[in-house]
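**Student:** Make a model of this:
(chains A and B)
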Amino acid sequence: MRLPFAWAVFVKEWRDLLSNRLLLGAVALPALIFAAIPTGLVAFIQANDLDPNQLDQIQQYIAAFPGVAAKTAAQAFIIQNFMAYFLLIPAMVPMAIATQSVIGEKVARSLEPQLATPLEVPELLAGKTLAAALPAMIATWLVFVAYGLVNGAIADPRLTRFVFTDVWITAMATLIPLICVFSVLLGIVVSSRVNDPRTAQQIGGFVVIPIIAVAVAQFFGGQPTFTMEQVITGDLLVAGLIGVTMVIGSWAFDRESILTRMA
Amino acid sequence: MGGAVRGRLGSHPVITVDGLRKDFGRLTAVHDLSFEVGDGEIFGLLGPNGAGKTTTIRMLAGLIAPTDGSATVNGHSLGEGSQRIRAMTGVLTESPGLHEKLTARQNLAFYGRLYGLTGATLREAVDRYLGVVGMLEHGDRRVGGFSKGMRQKIAIARALLHEPEVIYLDEPTSGLDPSAAKTVRDFVATLRELGRSIVVCTHNLDEAERLCDRIGIMRGTLLRVDTPAGLRRHGRNATVRIDLNGARPPESFIETVAGLAYVHGAQPRGRALVVELTDPARETPDLVAALVGAGARITSVREEADTLEEVYLELVGEAGVRDDRDLPGEEAA
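**Tutor:** Numbers count the residues shown, from 1 in each chain, chains lettered A, B, ... in the order given. As a prediction, this is how the structure comes out:
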């Protein structure tokens, strides 16, 4: 792998992305929505007193936060429970960028001139992967920081502590980048076989299902958020999936297949 | 493969192709392909859609691997030398394939980096070739707003940026207006003067005849390779028609003409004499002098030959009825 070649692809992709306002919007919007919903709920609870009857109904949730007032515990549960949805950003956004990138180039027939240079396919994929993964990673990290600070500011400052936990800092540092890379690779593999971005995204969309399932299971199980063991298990699982996808990708995205399966 | 198909080569071979074959599943795109391209030569691959021209270029550019056979480009073999081949060749793909959101300069700089150019060398190469194709003033405009001709010029600049020794041009004037097409043809001729070896892939007979030193007519394999003039003669002796003023019948000069060593045959046609020669450009002046010496009054002399179109249609027709089909990745036109 020659880094200057992969870097050249990355810079080109990045320039392409920055000039595509629609795609940039698709990066920022989901992150903001996932952060805005729980923040709105926290603000609503802050502005209203809880009914004692309601407190009984959410007892199982607020029990996870001993030592803080019931209202703060309810807010803490909401902000922690919604954090699982942060995993959707790296699952969805890089795939949208990757499919757009590969299929866009197939339609524009701009892959062939690149493959006619000394550029090797792994260098092309490395540049594309980094360029598609980085926006989602940056967006997720920025929203994570803003989420902790804003909720601490509008309600109890201790809420910030419930966002910036060891578990979530670990998840941001490991699980988020891994999901980004997996999402990009999956997008590239699917894109190498189809010529329509929407079809590629629909096929690749199944990756969000397990994440939503985990978030829903947490809510109904009364578990506010992940444990460290679950994050590490998730890391290992996604790393394994990346390995499998890379093997499939090297077969699906070879020079000849790309050229002879053009749109 | 016989010499008639392989054609004669006027200089040191830069590209040597020997028995190349490419299958896509059960479909054979190219088979038994053998030819050579010399140093500083423009070699044309002429054939209908689906004849395997683009597949041939892709194999020779190291983009796809042949199923069988071998080829060398500047001494590097396809396969283990493909990356080196890609580094020393420039490819104008059938479609310009530029990055629409980037400026012309950014497009060229990107490809320059992929060919290993950096820093001042890269900047100078980009500016130089933007100037060569007459696009310097448009260098900072996004390619998305360019006309087809402007895009083709940028694609040509891209193919030359790294000073390649071998250049493949796939349908270089396809879709261009006559003025832009002439600019491209003139530019390709300039490249020949700079000593570059060029393979032009086209189904435009006029373009092939104007540009190429030799032409290979192709339909799955090479049907014939020769100079444009040689192809028009179609393997026969050249025929020269000499119109006389009718003072004496043409039959009266048959004996004079038949006595010349380079004449292969002569016959009267109306008031004209039709003579078969080997090399009309060299032999015609002597023939005319001999006839004038024998008392002939000549009104005109011209070489008779088939048009390239007639030869092409005859050869492609002879190749047998093969359904026109688009090979994988080849553009239907």
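**Student:** Can you tell me, leaving aside adjacent residues, what's nearest to B:V126?
**Tutor:** Distances taken as C-beta to C-beta, 6 or more residues apart in numbering or on different chains place B:L108 nearest to B:V126, at 4.5 Å, with adjacent residues excluded. Placement of C-beta: from N, CA and C, glycine included.
**Student:** Next secondary structure element downstream of the helix or strand hosting the one you found?
**Tutor:** Taking DSSP states H and E as the definition, B:L108 sits inside helix B:104-114. Reading on from helix B:104-114 to the C-terminus, the next helix or strand found by DSSP H and E is helix B:119-132.
**Student:** ok, and what's touching that following helix?
**Tutor:** Applying C-beta atoms under 8 Å, 6 or more residues apart in numbering or on different chains, the external contacts of helix B:119-132 come out as B:104-105, B:108-109, B:112-113, B:117, B:136, B:138-139, B:157-158, B:160-163, B:187.
**Student:** check contacts around residue 161.
**Tutor:** Since no chain was named, I'll use chain A. By C-beta under 8 Å, 6+ apart, A:R161 lies in contact with A:G152.
**Student:** actually it's chain B I care about, not the one you picked
**Tutor:** When contacts are counted by C-beta under 8 Å, 6+ apart, B:L161 touches B:G90, B:L108, B:Y111, B:G112, B:Y115, B:L117, B:A125, B:V126, B:Y129.
**Student:** these two touch, right, B:P280 and B:V240?
**Tutor:** Yes. Contact status for B:P280 versus B:V240: in contact at 5.4 Å, counting by C-beta atoms under 8 Å.
**Student:** Quickly list what's touching both of these two.
**Tutor:** When contacts are counted by C-beta under 8 Å, 6+ apart, B:P280 and B:V240 have B:E303 as shared neighbours.
**Student:** count of neighbours near A:P94?
**Tutor:** By other C-beta atoms under 10 Å in any protein chain shown, the residues close to A:P94 number 29.
**Student:** Report pLDDT for it.
**Tutor:** We have a pLDDT of 84 for A:P94.
**Student:** does it sit in a helix, a strand or a coil?
**Tutor:** When the structure is split into helix, strand and coil by DSSP: H, G, I helix; E, B strand; the rest coil, A:P94 lands in helix.
**Student:** you'd agree it is up against A:A131?
**Tutor:** No. With contact defined as C-beta under 8 Å, A:P94 and A:A131 do not form a contacting pair (9.4 Å).
**Student:** Least confident secondary structure element in chain A?
**Tutor:** Among the secondary structure pieces of chain A, namely its helices and strands, helix A:208-221 has the lowest mean (mean pLDDT, DSSP states H and E), a mean of 65.
**Student:** returning to what we had before: how deep is the residue nearest to B:V126 tucked in, by neighbour count?
**Tutor:** Burial of B:L108, expressed as a neighbour count using other C-beta under 10 Å, amounts to 25.
**Student:** show me the contacts for it.
**Tutor:** Counting by C-beta under 8 Å, 6+ apart, B:L108 makes contact with B:A125, B:V126, B:Y129, B:L130, B:I154, B:A157, B:R158, B:L161.
**Student:** Once you drop chain neighbours, what's closest to the first one?
**Tutor:** On the basis of C-beta to C-beta, 6+ apart, the spatially nearest residue to B:A125 that is not a chain neighbour turns out to be B:L161, at 5.3 Å.
**Student:** Let me see the confidence value for that neighbour.
**Tutor:** Predicted confidence (pLDDT) for B:L161: 91.
**Student:** And the one 3 residues further on, by the same measure?
**Tutor:** Here, the pLDDT recorded for B:P164 equals 92.
**Student:** Next, find the distance separating it from chain A.
**Tutor:** Distance check for B:P164 against chain A: by C-beta to the nearest C-beta, to the nearest Å, it reads 10 Å.
**Student:** Count residues in the vicinity of that residue, would you?
**Tutor:** Applying other C-beta under 10 Å, we find 21 residues neighbouring B:P164.
**Student:** again with B:R210
**Tutor:** If you count neighbours by other C-beta under 10 Å, B:R210 ends up with 14.
**Student:** Now it: which helix or strand?
**Tutor:** Under the criterion of DSSP H and E, B:R210 resides in helix B:205-211.
**Student:** Can you report how many residues lie near the closest residue to A:R193 other than its chain neighbours?
**Tutor:** Nearest residue to A:R193, sequence neighbours excluded (C-beta to C-beta, 6+ apart): A:A252, at 6.4 Å. Burial of A:A252 is recorded as 17 neighbouring residues (other C-beta under 10 Å).
**Student:** neighbour-wise, which of the contacts of B:L161 leads?
**Tutor:** Using other C-beta under 10 Å as the neighbour test, the contacts of B:L161 are led by B:Y111, with 30 neighbours.
**Student:** mind checking the SS state of the nearest residue to that one once chain neighbours are set aside?
**Tutor:** What sits nearest to B:Y111 in space, not counting adjacent residues and going by C-beta to C-beta, 6+ apart, is B:R158, at 4.9 Å. Look at B:R158: counting by three-state DSSP, its state is helix.
**Student:** Kindly report the same for B:L20.
**Tutor:** Secondary structure assignment for B:L20 (three-state DSSP): strand.
**Student:** I'd guessed it sits against B:A65; true?
**Tutor:** No. With contact defined as C-beta under 8 Å, B:L20 does not reach B:A65; the gap is 10.7 Å.
**Student:** that older thread, ok, residues contacting the next helix-or-strand element following the helix holding B:R210?
**Tutor:** The element immediately downstream of helix B:205-211 (helix or strand, assigned by DSSP H and E) is strand B:214-219. Around strand B:214-219, the neighbours that count as contacts under C-beta under 8 Å, 6+ apart are B:7, B:9, B:33, B:35, B:41, B:43-48, B:51-53, B:56, B:208-209, B:222-228, B:231, B:308, B:311-312, B:315-316, B:319, B:322.
**Student:** quick one: which of those sit in helices?
**Tutor:** Taking DSSP state H, the ones among those that sit in helices are B:K53, B:T56, B:A208, B:E209, B:P228, B:L231, B:L308, B:V311, B:Y312, B:L315, B:V316.
**Student:** Quickly name whichever of the residues you listed is closest to A:F10.
**Tutor:** The shortest distance between A:F10 and any of the ones in helices among the contacts of strand B:214-219, using C-beta to C-beta, involves B:T56 and amounts to 33.2 Å.
**Student:** so where's chain A uncertain?
**Tutor:** Applying pLDDT under 70 to the predicted model, the residue ranges of chain A that meet it are A:197, A:201, A:204-224, A:261-263.
**Student:** for chain B, what are the nearby residues on it?
**Tutor:** Among all residues of chain A, those adjacent to chain B (criterion: C-beta under 8 Å from any C-beta of the partner chain) are A:4-5, A:8-9, A:11-12, A:15-16, A:19-20, A:108-120, A:255-256, A:259-262.
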